[in-house]
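Enquirer: pasting a predicted model and its sequence here:
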Amino acid sequence: MPVENEAPAGLRVAPAGSIPPDPHGTLLTGEKARRIYFIEVTEIDYLQAFGNYVKIHAGEQEYVRRDTLQRLSGLLAPLDFARISRSTLLNLRRVRFAERLDRGAMVFTLASGTQLVSSRGLRLGSGAVR
């Protein structure tokens, strides 16, 4: 499973339970095809709950991490990540625009073209999701 004590030279790996306020050089680990990858937090588009795991979506790549979305939501909130539904945590810095839907939800379009729909009742205010 993910190893969080080793990182390429010059990069910091976020220790379990804390992520520094400066996201540049901060890494999360994720697995893909039995390999452990170090993913810069700034490159993450969104995270999705996946049973006892979390799927990390970064560009066209997808990784799996044994963690909870609730824990990561608390850790990543200072880095402009927002919970837009029960199962999705979004990096607001990767959003191109958001549109309101008739039923009270919102659809977020990312720079990559991916569209994510929020839960009903999500509101935008003062530049951030509340």
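Expert: In hand now; what should we look at?
Enquirer: quick one, phi/psi of the residue of the chain most remote from its centre?
Expert: Within the chain, D102 marks the point farthest from the mean C-alpha position, 26.1 Å out by CA atoms, centre = their mean. For D102, the backbone dihedrals (degrees, to the nearest 10) come out as phi -60, psi -30.
Enquirer: and if you look at the one 3 residues further on?
Expert: Here is the backbone geometry of A105 (degrees, to the nearest 10): phi -90, psi 180.
Enquirer: neighbours around it, how many?
Expert: 16 (other CB atoms under 10 Å). Any C-beta I mention is one placed from the backbone N, CA and C, and that applies to glycine too.
Enquirer: for it, give me its contacts.
Expert: Neighbouring residues of A105 by CB atoms under 8 Å, 6 or more residues apart in numbering: V117, S118, S119, R120, G121, L122.
Enquirer: and the two most separated of the residues you listed?
Expert: V117 and G121 (12.7 Å; CB to CB).
Enquirer: quick revisit: ok, of the contacts of A105, which come out buried?
Expert: S118, L122 (16 or more other CB atoms under 10 Å).
Enquirer: residues in contact with R103?
Expert: Residues in contact with R103 (CB under 8 Å, 6+ apart) are R120.
Enquirer: that one in helix, strand or coil?
Expert: Assigned state for R103: coil (three-state reduction, DSSP: H, G, I helix; E, B strand; the rest coil).
Enquirer: give me the phi and psi angles of it.
Expert: According to degrees, to the nearest 10, R103 has phi -90, psi 10.
Enquirer: repeat that for Y53.
Expert: The phi and psi values for Y53, taken as degrees, to the nearest 10, are phi -130, psi 170.
Enquirer: same check on D45?
Expert: Here is the backbone geometry of D45 (degrees, to the nearest 10): phi -80, psi -50.
Enquirer: that one: how many residues sit nearby?
Expert: There are 20 residues near D45, going by other CB under 10 Å.
Enquirer: that one touches S112, doesn't it?
Expert: Yes: D45 is in contact with S112 according to CB atoms under 8 Å; the separation is 6.3 Å.
Enquirer: intersection of neighbour lists for these two?
Expert: G59, R94.
Enquirer: where does the residue farthest from the centre of the chain land on pLDDT?
Expert: Note for D102: predicted pLDDT of 81.
Enquirer: right, I'll leave it there.
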